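[1] When you get a sec, could you give me coordinates for this:
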Amino acid sequence: MNSYCSIITSNYFFYIKALYDSLAQFGTDASFHVLVVDEVETSLSYGNIEVHTLDEIKQCYPKDYELIEKYEVDRASNLRWALKPLLLKYLFEQKGKNKALFLDPDLYFYHDPRFLFELLDQKNVILTPHWRSSDPVADPVNFDWLFMGGIYNAGFFGCNSESTHVLDWWLRACAYKMSKEDGFYVDQVYLNLMPIYFQDDVMQINHKGCNVSNWNTVECERSLNDGTVVINNTYPVVFIHFTNGTIKRIATGDDTLLKPLLATYRASLTKHNPDFKFKYETAVLSPAAKPKSSMIKRWFK
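    Alright, predicted model coming up:
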């Protein structure tokens, strides 16, 4: 059985609804699991989403959880990130899933993703590179980030039930340190090591329509093919990672071909949260004022 999963604080559940809708349009029969790390005051339900609590994880894996319990002081960030390998293990061992794709809540799908599950017939773990610029002159900021934020993006992580030894290692690494200094970058940089120490288990996804974002505009060139956005004249956009940086580039006109895709994402978010606004939309403007690019850039700082 295939499954999608994510980890959130309860106020992000409307993001999960939008993500779920983006997947449901392709008729997938995979289950969808969400771990909520804070106290849930009201019932969270939508579609066939199964909501899990932190207590479930603690009860099933008390010794594993003890390793990362120190991060409870930062549930929204460090604890949430460190829980990824434990949630995936839980789905395999307690829920009987065979394959799972972990998805950050700010992802949105535009093309059928089921081929990603098929890749897990070949390897036990699949990773998406950031595809940051390989040219330090063309994009020095993203070239530098290859050495600070890691080669692979932890907002997506695919694995199957044969990967628990890799997940256990990742959990221990996260328990060791969740830092953004001295070559570490919370749970993410540890992914750099997986193809080395688990080379028989790990596959890099080379489909450049996966994890499209602001960091890969050089290596993943956008163009139109019969009115459809494609990457490097080859790859359809499977999913976009709508970080603040991604939204910023689109809003300022630096990634203009993705504007219709951002509009679709925004419509889905406001469907589930009518009061939602992107950060660049929240500035107070006079009726005649029009946001300039320089203003938008300041709003995202």
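[2] so who does V34 touch?
    Contact partners of V34, counting by C-beta atoms under 8 Å, 6 or more residues apart in numbering, are C5, S6, I7, I8, F13, I16, L44, I49, E50, V51, H52. Where C-beta positions appear, they are placed from N, C-alpha and C, glycine not excepted.
[3] from these, which is closest to K277?
    F13 (17.5 Å; C-beta to C-beta).
[4] that older thread, any chance of the contacts of V34 in a markdown table, with neighbour count too?
    Converted to a markdown table, the contacts of V34 look like this (neighbours: other C-beta atoms under 10 Å):
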| residue | neighbour count |
| --- | --- |
| C5 | 24 |
| S6 | 26 |
| I7 | 26 |
| I8 | 22 |
| F13 | 21 |
| I16 | 24 |
| L44 | 15 |
| I49 | 18 |
| E50 | 15 |
| V51 | 19 |
| H52 | 19 |
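[5] Now, those that are in helices?
    Using DSSP state H, F13, I16 are the members of these that sit in helices.
[6] Turn the contacts of V34 into JSON lines, including distance to Y152.
    Shown next, in JSON lines, are the contacts of V34 (distance: C-beta to C-beta, whole Å):
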{"residue": "C5", "distance to Y152": "18"}
{"residue": "S6", "distance to Y152": "18"}
{"residue": "I7", "distance to Y152": "18"}
{"residue": "I8", "distance to Y152": "21"}
{"residue": "F13", "distance to Y152": "27"}
{"residue": "I16", "distance to Y152": "23"}
{"residue": "L44", "distance to Y152": "30"}
{"residue": "I49", "distance to Y152": "27"}
{"residue": "E50", "distance to Y152": "27"}
{"residue": "V51", "distance to Y152": "28"}
{"residue": "H52", "distance to Y152": "25"}
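[7] Closest one of the contacts of V34 to F115?
    C5 (18.4 Å).
[8] Find the nearest non-adjacent residue to that closest one, please.
    Residue nearest to C5 in three dimensions, not counting chain neighbours: H33, with 4.3 Å by C-beta to C-beta, 6 or more residues apart in numbering.
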